[in-house]
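Starting from these lines, generate the structure:
(2 chains)
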Amino acid sequence: MTAYEAESDVLADPGRAGEPAAPLLEVADLEVSFPSEDGRVRAVRGLSYRVSPGEVLGIVGESGSGKSVSSLAVMGLLPPSARIGGSIRLRGQELLGLSDTELSRIRGRRVAMVFQDPLSALTPVYTVGDQIAEALLVHGGRSTTASTARNRAVELLDLVGIPNAAERVKAFPHEFSGGMRQRAVIAMAIANDPDLIIADEPTTALDVTVQAQVLEVLKTAQEVTGAGIVLITHDLGVVAGTADRVIVMYAGKAVETGTVDEIFATPRMPYTLGLLGSIPRLDVGRGQPLVPIEGQPPSLVALPPGCPFGPRCPLHEPACDAAEPELLPAPGAAPDHRAACIRTGELAAADAEGGELAAELFDAHVVEAEPVDSATRIDREVVLGVDRLVKHYPVRAGGIFRRQVGAVQAVDGVTFDVRAGETLGLVGESGCGKSTTIMEIMGLEPPTGGSIQVLGSQVEGLSRADRKRIRRDLQIVFQDPMASLDPRLPVRDLIAEPMEVQGFDKAHITRRVPELMKLVGLRSEQINRYPGEFSGGQRQRICIARALALEPKVLVLDEPVSALDVSIQAGVLNLLDELKARLGLAYLFVAHDLSVVRHIADRVAVMYLGKIVEIGGVEEVFAAPQHPYTQALLSAIPVPDPEVERRRERILLTGDLPSPANPPSGCRFRTRCQLFATLGADQQQRCIDVEPPRESALPAEPDAPVGAHLPDHDVACHWARIRTVV
Amino acid sequence: MARFLARRLVNYLALCLVATFLAFALAALTFDPVGKLQARNPPPPQATIDAKRAELRLDEPIPQRFVLWLGDAVQGDFGRTVVNQSISEELPRRIGVSLRLFLLGTVVGIGLGVIVGVASAIRQYRFSDYAATFFSFVILSTPVFLLGLLLKYVALELNTAAGAQLLVFTGETTPGFQGGFFEALVDRVQHLVLPTLTIALGQIAYYSRYQRSAMLDVLGSDFLRTAQAKGLTRRKALFKHGLRTALVPMATLFAFGFGLLITGGTFTERIFGWYGMGDWLVYGIEQDDTNITATVTLFVAVLVLVSGWLSDVFYALLDPRVRLR
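Down below sits the predicted model:
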């Protein structure tokens, strides 16, 4: 909390952001290219920026925009095949052209780096402590002995919030969870008190509650070392809450730079505007139009002249193709707010008129659909019902005669229903059992315990023929469109396959495939192409077309947009919205991103360690969450608005998810619960002894009659109370 | 961990017995040691043949013969050969000869195999990588006996060119050699080079392929980048973090490779006139000798299974992730 306020003070100081003092890092005209089969890929094309001491610079952009490559260039960690030009100066010292030995004296001591994937960032065969100590020993000179380095490693681990550091320092990386490993990597980065820390997507691979913890640790690290930070991310929410200044990159170039407030409040480049408009926001409900940016980023092998964003830009005009626009001060904005667009003046004028500029510009609109009336919910047909579903995986031990020694309680008594025409969002962190739940549903096999009902039939006692019939009505779209399409089949065969399996005649299939392609926004000429020729968003559309081929009534969507870039994600979300309205589908939408769920779902179920802790209408749950876990989860999600972010109070959960093989007694969440800590001893005892039942939630209005309950909002907490966090 | 290894050792001992029994039974069923005796001209009297059959226990059931042989073997007596020599007297000398050859060949093979593999991986798609790949496949596709003969030929050329006997290709030492310690050492080395090379070359070729791919996996890994970001030079990161991790999957390969060397060793020993275990096995089969065959099989089985056990130990030492509580 305090770190947060300190951060705000820094931002409030105008002298800081306005005129940077002697730059710590100065990158000028950086060019990086790699050889490829089609020619040289120009990954970074003339990037310039500065970082001042103590400043947090956010670099945002989609995959392939060159943001990671440019930071690896600063570290001198690009593969030898890369050709690098321009200049990179650290406190005036030129880094380009230094030998590996010279660079190794700078790396880890003056510039440190935190990488994206903490699971693979540590060497598996050395202890965490040894690896941190190593960073000290390489730079320490003679005065650093193995034992002082080891003691310092314990201090550092303690500093980044690893409990019981003296003991954990001897642990191997595989004994640490993802969040703990990222803390260890941060400990390593700050070991030598560096001047600059480069964090490359430091939280992308982590769950939101852990992301919040790690961002907090990064802030602590910055306070302790006073270092400048370059924060590379695709998540605009993270940038809004953390950075002082922002660079937006597109196609290897900076297209807009400025202070975080300027960029978020008055973007002056259409791409930034679109990017900001494409993110579903946790604090805005269904009414938010999502901006889809058409097309995809250009190939960096042979860029045509002119603005690289031109082909996707709604403001595109012939003059844009003449030459690539320079990064110039934006008219009518703060002096260091620059944008690379020849029509930025018109944008400023349009912006002055007010209104939803991004939505108007990109012609985004809210999908018109009949509102799903919660009052009539009870009358609608239950298309998918799950009652006290249990799935345990046995844990076995022993060699030849394997005996069961326990069970991973992946799903432990989950109850929900999805009614015709509505979307239920199933959310929770990794390991909470949401994937197991949908796999149980899709398997159509009798579960370990409880029952599953699909369109009125219980899956128990289904014959093979019945099961095949039900599969028509229940289809799934998977997370990774790359992995879920056979690369050796053309689109036609991919979409036709479910119909062939179900025995439709040839004429029907030939007619249906182009229809389906049109339905999901693909051109039917592309029918003979292979998945490899499509972009990620288009591939996910193929998956959706395949799932719709049998005209199902229920669609299970397993993280359908989490593998996509934000600008692409918006298009797919809009498509799903539209399909639901047109075809009257019901969705079971599994996601870890609550903003996406808020945008698309009617109801939401929050899972923790195999149980649903809160379920209810999206508006009620998001506006007035009652379970402490829901509150923590919502509070952990950054909102892409620096002003809102500064005001928000973050609930930080402690520790990691307990093992589902050995869950805590009573309430499963109590070991991490922020509310539990504030309870009296006898209240706590209740949490420890008694598992909280799922009960109707209390009404949000304080003057509601005593004993009144919300009809459709359940919460499983002994001491549930409303706390607004968004 | 210790309990786990002890249990594994017991399992392996049982497997050793099974392997030896199978070899013993197979040999006993197919060998006909008195056949040669009968084929003599003039044929020896029936009484002599019967005596030989009784001496070799040919008329007893095979399991019983095995149990009797095993009972003696446990006490260090592996029986007698067909021509009535003591196997136990011959055994230590033969084992010594073989182990000297195999151990040295393996050490050279592993060492150079790892170096060649790592060098290939680091210099992937350069000329040296292609050259190493080419020679590896040539050697791997050459049978050991041909490789041995080729090396002999090369040595002959070399000796001719040098005008002196630099490399010797028969036996362990020069028969009746006289001289001081230093001269004796030189003499032994001259004899050792070619057979060791024959054994090592195959292993270098084999290991370098695996080491190359294990190293390539590691080269692209994030932790190597982390190590460099910490301030290690590329070279140091490669060896301390990269190679150390890439060696883990190789441990099993090294251990079993050593155990299975006897197959290649048989030819090598024959070609270069080393009277080791491989040579003995061939001799035993030629002589229709069940006891020699069973003894050598037991030796190989013990070697393979000790290697297997050692690979478990190595793996646990190298990789903390498989260490059991």
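
Tell me the confidence at the residue of chain A found nearest chain B?
Closest residue of chain A to chain B, Cβ to the nearest Cβ: A:Gly108 (3.0 Å). From N, CA and C alone the C-beta is placed, and that goes for glycine too. If you check A:Gly108, the pLDDT there is 90.

before we move on, what about the one 10 residues further on?
In the prediction, the pLDDT value recorded for A:Pro118 is 85.

Where does pLDDT dip in the stretch 201-325 of chain B?
B:263-264, B:323-325 (pLDDT under 70).

can you give me the strands for it?
For the stretch 201-325 of chain B, applying DSSP state E, counting those that start in this stretch gives no strands.

Which residue ranges of it form helices?
B:222-230, B:234-237, B:244-246, B:250-259, B:261-271, B:277-286, B:290-318 (DSSP state H, counting those that start in this stretch).

ok so, going back, okay, now the nearest residue to the residue of chain A closest to chain B once chain neighbours are set aside: neighbour count?
Closest residue to A:Gly108 apart from its sequence neighbours, by Cβ to Cβ, 6 or more residues apart in numbering or on different chains: B:Gly231 at 3.0 Å. Residues within reach of B:Gly231, counting by other Cβ atoms under 10 Å in any protein chain shown, total 26.

B:Gly231 is in contact with A:Arg109, isn't it?
Yes: look at B:Gly231 against A:Arg109 with Cβ atoms under 8 Å: they come within range, at 5.9 Å.

which neighbours do those two share?
A:His139, A:Asn192 (Cβ atoms under 8 Å, 6 or more residues apart in numbering or on different chains).

what sits against the closest residue to chain A within chain B?
Residue of chain B nearest chain A, by Cβ to the nearest Cβ: B:Gly231 (3.0 Å). For B:Gly231, the contacting residues are A:Ser104, A:Arg105, A:Ile106, A:Arg107, A:Gly108, A:Arg109, A:Ala135, A:Val138, A:His139, A:Asn192, by Cβ under 8 Å, 6+ apart.

ok, the nearest residue to the last one once chain neighbours are set aside to A:Ala191 distance?
Nearest residue to A:Asn192, sequence neighbours excluded (Cβ to Cβ, 6+ apart): A:Arg109, at 4.5 Å. In this structure, A:Arg109 and A:Ala191 are separated by 9 Å, where distance is defined by Cβ to Cβ, to the nearest Å.

Specify which residue of these two has the higher count of neighbours.
With neighbours defined as other Cβ under 10 Å, A:Arg109 and A:Ala191 compare such that A:Ala191 has more, 28 against 20.

check contacts around that one.
Counting by Cβ under 8 Å, 6+ apart, A:Ala191 touches A:Gly108, A:Ala112, A:Ile132, A:Ala135, A:Leu136, A:Arg152, A:Ala153, A:Leu156.

Kindly reformat the residues you listed as a markdown table containing secondary structure.
Output for the contacts of A:Ala191, formatted as a markdown table (DSSP: H, G, I helix; E, B strand; the rest coil):
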| residue | secondary structure |
| --- | --- |
| A:Gly108 | coil |
| A:Ala112 | strand |
| A:Ile132 | helix |
| A:Ala135 | helix |
| A:Leu136 | helix |
| A:Arg152 | helix |
| A:Ala153 | helix |
| A:Leu156 | helix |
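
which one among those gets closest to A:Ser177?
A:Ile132 (17.1 Å; Cβ to Cβ).

how many neighbours does the closest residue to the closest one other than its chain neighbours have?
Among residues not flanking A:Ile132 along the chain, A:Ala153 sits closest, at 4.0 Å (Cβ to Cβ, 6+ apart). Neighbour count of A:Ala153, defined by other Cβ under 10 Å: 27.

Is it correct that A:Ala153 is in contact with A:Ala133?
Yes: assessed by Cβ under 8 Å, A:Ala153 is found in contact with A:Ala133 at 4.7 Å.

Contact partners for the residue nearest in space to the middle of chain B?
With distances taken as Cα atoms, centre = their mean, B:Leu261 lies nearest the centre of chain B, 2.6 Å away. Neighbouring residues of B:Leu261 by Cβ under 8 Å, 6+ apart: B:Phe102, B:Gly105, B:Thr106, B:Ile199, B:Gln203.

just how off-centre is whichever strand or helix holds A:Cys543 within its chain?
According to DSSP states H and E, A:Cys543 maps onto helix A:536-548. The chain centre lies 21 Å from the centre of helix A:536-548; the measure is Cα atoms, centre = their mean, to the nearest Å.

Could you give the average pLDDT over it?
Helix A:536-548 carries an average pLDDT of 90.

List of residues touching whichever helix or strand comes after it?
Note on helix A:536-548: by DSSP H and E, the next helix or strand toward the C-terminus is strand A:554-558. With contacts defined as Cβ under 8 Å, 6+ apart, strand A:554-558 is touched by A:383-384, A:418, A:435, A:438, A:441-442, A:454-455, A:473-479, A:547-548, A:576, A:585-590.

Then stretch A:25-37?
Contact partners of stretch A:25-37, identified using Cβ under 8 Å, 6+ apart, comprise A:40-51, A:66, A:69-70, A:73-74, A:78-79, A:81-90, A:111, A:196, A:228, A:230, A:301.

Restricted to helices, list the contacts of strand A:554-558.
Cross-referencing the contacts of strand A:554-558 against helices under DSSP state H gives A:Ser435, A:Ile438, A:Ile441, A:Met442, A:Asp473, A:Ala547, A:Leu548, A:Leu576.

How many neighbouring residues does the last one have?
So the one you mean is A:Leu576. Using other Cβ under 10 Å, the number of residues around A:Leu576 comes to 25.

Now do the closest residue to it other than its chain neighbours: how many residues are near it, please.
Nearest non-adjacent residue to A:Leu576, counting by Cβ to Cβ, 6+ apart: A:Ile600, 6.4 Å away. The number of residues packed near A:Ile600 is 25, by other Cβ under 10 Å.

residues in contact with A:Ile600?
A:Pro280, A:Thr423, A:Gly425, A:Leu573, A:Leu576, A:Asp577, A:Tyr587, A:Phe589.
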